[in-house]
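Trainee: Attaching a predicted model along with its sequence, questions to come.
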Protein chains: 2
Amino acid sequence: MIILNKQQILDKFDADAITLLLKQGFIAFSQKQVQMPPVQHLLFEQANGDCCIKSGYLQGDSQFVVKVSGGFYDNPAQGLASNQGLMMAFSAQTGEPQALLLDEGWLTALRTALAGRIVAELCAPKHISAVGIIGTGMQARLHLMYLKSVIPCRQLWVWGRSETALEEYRQYAQAEGFEVNVTLDAAVLGRHCQFIVTTTPSREAILQAADIQPGTHITAVGADGAGKHELTPELVAKADKILVDSRDQCTEFGEISSAFQQQLLTNHTLTEIGIALAQNTSFRDNEQQITLADLTGLGIQDVQIVKGILE
Amino acid sequence: MIILNKQQILDKFDADAITLLLKQGFIAFSQKQVQMPPVQHLLFEQANGDCCIKSGYLQGDSQFVVKVSGGFYDNPAQGLASNQGLMMAFSAQTGEPQALLLDEGWLTALRTALAGRIVAELCAPKHISAVGIIGTGMQARLHLMYLKSVIPCRQLWVWGRSETALEEYRQYAQAEGFEVNVTLDAAVLGRHCQFIVTTTPSREAILQAADIQPGTHITAVGADGAGKHELTPELVAKADKILVDSRDQCTEFGEISSAFQQQLLTNHTLTEIGIALAQNTSFRDNEQQITLADLTGLGIQDVQIVKGILE
C-alpha cells in the first residue's frame, strides 16, 4: 500500500487536471454512473467537532475511494487545523487497500474550492463590482485563490466574527492581489457584492433575503450536515435558479434543506451541477437573476481527486 | 499514527477480553449510547465483490472507529483471501487519525465469530446432538473455533457446495476436536443438528422451513447486505423467538429482512442482543422453541474490537 503524507500529496496536486476530473465526476454522478452511498455523519459535541464519511465508485474504475473528513472547530486553539481526515483507495477487483492519503483534510478543502470554481464558471454574472467571502478560514482562502482564474474582479469584501481573523484574512487576500474591505456586518457585504461565497460551519443564518441584490450569485459551501446553515430559508427561496451538487444530499442536509422542507421551493427546479455541465451553457439566463449553488460535497469528488493525485 | 499489520494485530488479540467489550458494546448500542450511522454498501459486480463501510462512536470514548470491509469472492482463485479491509481509529477530541489496523478483514471475521459465541450463550438449547455449519470458509472456521468454549457437543455436520472445500473443512474441524460429517444436502444437516450457523454470502436460500426440528437454534451470519439470504422467509417466520443485533439493520438488509418486508413477522418480537444481554438470562424459554439470531454486524463491534486491540 502506498502511503502519502500531506506534502507528497500537495506536490502531486494539479488544479486544472483535477478540475477536469471533477467535471467528469459531476456529470457521471448525474448520469447515475456512480455508486455513492448516503454520507455517514458523527457528531462530537464535547469537542465541538463533527465527522463525515463518504465513499464512491465510478463504474468501470479500477479503484474505489473512502474518505473520512472531520471538522474540529476548537483545534486552532491547540495549534491544530480544524480540518482533519484522510482518503483511501481500494482495488475494485480484489478489495485490497492500495493507497492511504494522509492529507489532513486538504484534499477535501481543495476539491470543494475547485467545485466552487466550476460553479463560478456556470453562474457568475458578467459584471461583478465586488466579490464577497463569508468566513475567514481555510475554505475562504482556497475558494478565493481558485476564483481568481475565472473572475477578473479584484475588489473584495470579507465578513467574519473576529477582527483578528479578518485582519489575517485581509493580509492573505491582499497578497493574492485583492483590494480588501472587511466587515462584521454581513448585510454590508451583501449590498456591495454580486458574487458571494459562504464558507462557515454556522448553525445560525448570516445572510438575510433583504441583504441580496438582483443579479447576485451565492455559492453556499458551509452547510454539509444537519443543523448547519448560513442563509435564511427566505433568502434561499428568493433565488431565481438553484444549482445543487446532489439533489438528495442538498434537500436532506444542505443549505437549501430548511427551505425545501418548509415547502418554500415548490416552484423551483433543483438542477444538479452534472446536468448543468452536460448542457455546456451558462446556468444564468440573464444578469438580473439571483442564482444560488448549494455544495454539500460528493463522494465522487473524492474519487476523482484521489484519481488525480495517484495518476 | 500507529500502523499495525495483521500479525501485530493477532498478537494483541485476546478473545475473552474482547468478548466482554463486545457485550458492553451491544448493551450500550441498545441503550442508545452509540452513534452508528447507517452502513454504506458498494457492489462490484464485475469482480463478484462487495464492500461495506461502518463507523461508530460510543459516547464518552476518546476515539471513534471507521471500518472498510470487503468480500471479493473470486479472490481465492488468485490466492487472495475473500475478506479484505482495514479499521481506523480517530481522536474524538481533535479528529486526528490515531491508528490504522491493516487486519485484512480478520477483525471483522473475529468480532463476528465472537458475536456468535455471545449468541450461543443466550440461545443454545441444553441438549445438542450435533452442531451444523453451513459454509466452509473463514467464518465457518472461526465460528466453530469459538463455539467450542460454550457448546460441549463435538458432533459436527458441515454443508458446502464443493467436495474439495468440504474435505478441507473436515480436516480443520477434526483438528479442532470434532467428529465430522459432510453433506451437499442442507436438509440432511437440518435433520441432525440442533445448533446451526449459516456463514455463506448466498443469494439463494439454503435451508427450508421443513428442514428444521423443534428445539433448534440458528445463527444467521451471512446476510449482511441487500439480496443476501440463506434461509427461506418461511423458515424465518417459523422461528418462535428472534434475536437481532440491530432491529434497523436486520429489518432493512439482514437475514430476516425478506420475511419482515413480506409481513410474515407481525406476530414476532425482534429482540436486540443488547436487550437480551442486559436481562442476563437465557433468551430461550424452553427446549422446544426454535430460536433464530440474525447478525448483520454493528459498527459498535468494530469500535470495541479496535479498543481491545489498542488497549
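Mentor: On my side now, so go ahead.

Trainee: OK, now which residue of the stretch 201-311 of chain A is nearest to chain B?
Mentor: A:G299 (9.0 Å; CB to the nearest CB). No exception for glycine: its C-beta is placed from N, CA and C like everyone else's.

Trainee: Tell me, how many residues neighbour that residue?
Mentor: A:G299: 30 surrounding residues under other CB atoms under 10 Å in any protein chain shown.

Trainee: which ones are touching the residue in the stretch 101-250 of chain A that chain B sits nearest to?
Mentor: Closest residue of the stretch 101-250 of chain A to chain B, CB to the nearest CB: A:L102 (6.9 Å). Counting by CB atoms under 8 Å, 6 or more residues apart in numbering or on different chains, A:L102 makes contact with A:3-6, A:9, A:86, B:1, B:97.

Trainee: switch the cut-off to 10 Å
Mentor: A:3-6, A:8-9, A:85-88, B:1, B:97, B:100 (CB atoms under 10 Å, 6 or more residues apart in numbering or on different chains).

Trainee: Take the residues you listed and keep only those in helices.
Mentor: Using DSSP state H, the subset of these located in helices is A:6, A:8-9.

Trainee: residue contacts, A:A220?
Mentor: By CB under 10 Å, 6+ apart, A:A220 lies in contact with A:119, A:134, A:196-199, A:207, A:228-231, A:235-236, A:239, A:242, A:250, A:254-256, A:292-296.

Trainee: Now narrow these to whatever sits close to chain B.
Mentor: Among those, no residue lies close to chain B (CB under 10 Å from any CB of the partner chain).

Trainee: Among those residues, name the ones in helices.
Mentor: Using DSSP H, the subset of the contacts of A:A220 located in helices is A:119, A:235-236, A:250.

Trainee: Closest one of the contacts of A:L102 to A:M36?
Mentor: Closest approach between the contacts of A:L102 and A:M36, by CB to CB: A:M87, at 14.5 Å.

Trainee: which SSE is A:A259 in?
Mentor: Using DSSP states H and E, A:A259 sits within helix A:257-261.

Trainee: Identify each buried residue in that helix, please.
Mentor: A:257-260 (16 or more other CB atoms under 10 Å in any protein chain shown).

Trainee: Just send those back as CSV, with distance to A:G71 too.
Mentor: Putting these into CSV (distance: CB to CB, whole Å) gives the following:
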residue, distance to A:G71
A:S257, 18
A:S258, 20
A:A259, 23
A:F260, 23
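
Trainee: hmm, back to that, name only those of the ones in helices among the contacts of A:L102 that count as buried.
Mentor: Applying 16+ other CB under 10 Å to those flags A:6, A:9 as buried.

Trainee: Now render the ones in helices among the contacts of A:L102 as CSV, adding distance to B:V188 and pLDDT.
Mentor: Formatted as CSV, the ones in helices among the contacts of A:L102 follow (distance: CB to CB, whole Å; pLDDT from 0 to 100):
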residue, distance to B:V188, pLDDT
A:K6, 59, 95
A:Q8, 58, 98
A:I9, 57, 97
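
Trainee: Closest one to chain B out of the ones in helices among the contacts of A:L102, please.
Mentor: A:K6 (11.9 Å).

Trainee: got the contact list for the closest one?
Mentor: Applying CB under 10 Å, 6+ apart, the residues near A:K6 are A:81, A:86, A:101-107.

Trainee: One more pass at 8 Å, please.
Mentor: Applying CB under 8 Å, 6+ apart to A:K6 gives the contacts A:102-104, A:106.

Trainee: In this structure A:K241 contacts A:D294, no?
Mentor: No: if you go by CB atoms under 8 Å, A:K241 and A:D294 don't touch, sitting 11.7 Å apart.

Trainee: which of the two has more neighbours?
Mentor: A:D294 (31 against 19).

Trainee: If that one is in a bridge, with which residues?
Mentor: When assigned by DSSP bridges, A:D294 has beta-bridge partners A:A220, A:V244.

Trainee: Spell out which residues sit in contact with it, please.
Mentor: A:D294 touches A:220, A:223, A:242-245, A:250, A:254-256, counting by CB under 8 Å, 6+ apart.

Trainee: out of these, what pair is the most spread apart?
Mentor: Checking the contacts of A:D294 with CB to CB, the most distant pair is A:A223 and A:L243, at 14.4 Å.

Trainee: Mind exporting the C-alpha coordinates of the helix or strand containing A:V306 to PDB?
Mentor: Assigned by DSSP H and E, A:V306 falls within helix A:299-310. C-alpha atoms of helix A:299-310 as PDB (Å, rounded to 0.1, in the frame of the first residue of the first chain):
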ATOM      1  CA  GLY A 299     -18.100  11.100  -2.700                       C
ATOM      2  CA  ILE A 300     -17.400  11.300  -6.500                       C
ATOM      3  CA  GLN A 301     -15.300  14.400  -5.900                       C
ATOM      4  CA  ASP A 302     -13.100  12.400  -3.500                       C
ATOM      5  CA  VAL A 303     -13.000   9.600  -6.100                       C
ATOM      6  CA  GLN A 304     -11.800  12.000  -8.700                       C
ATOM      7  CA  ILE A 305      -9.300  13.900  -6.700                       C
ATOM      8  CA  VAL A 306      -7.700  10.700  -5.400                       C
ATOM      9  CA  LYS A 307      -7.500   9.500  -9.100                       C
ATOM     10  CA  GLY A 308      -5.900  12.800 -10.000                       C
ATOM     11  CA  ILE A 309      -3.300  12.500  -7.200                       C
ATOM     12  CA  LEU A 310      -2.500   8.800  -7.900                       C
END
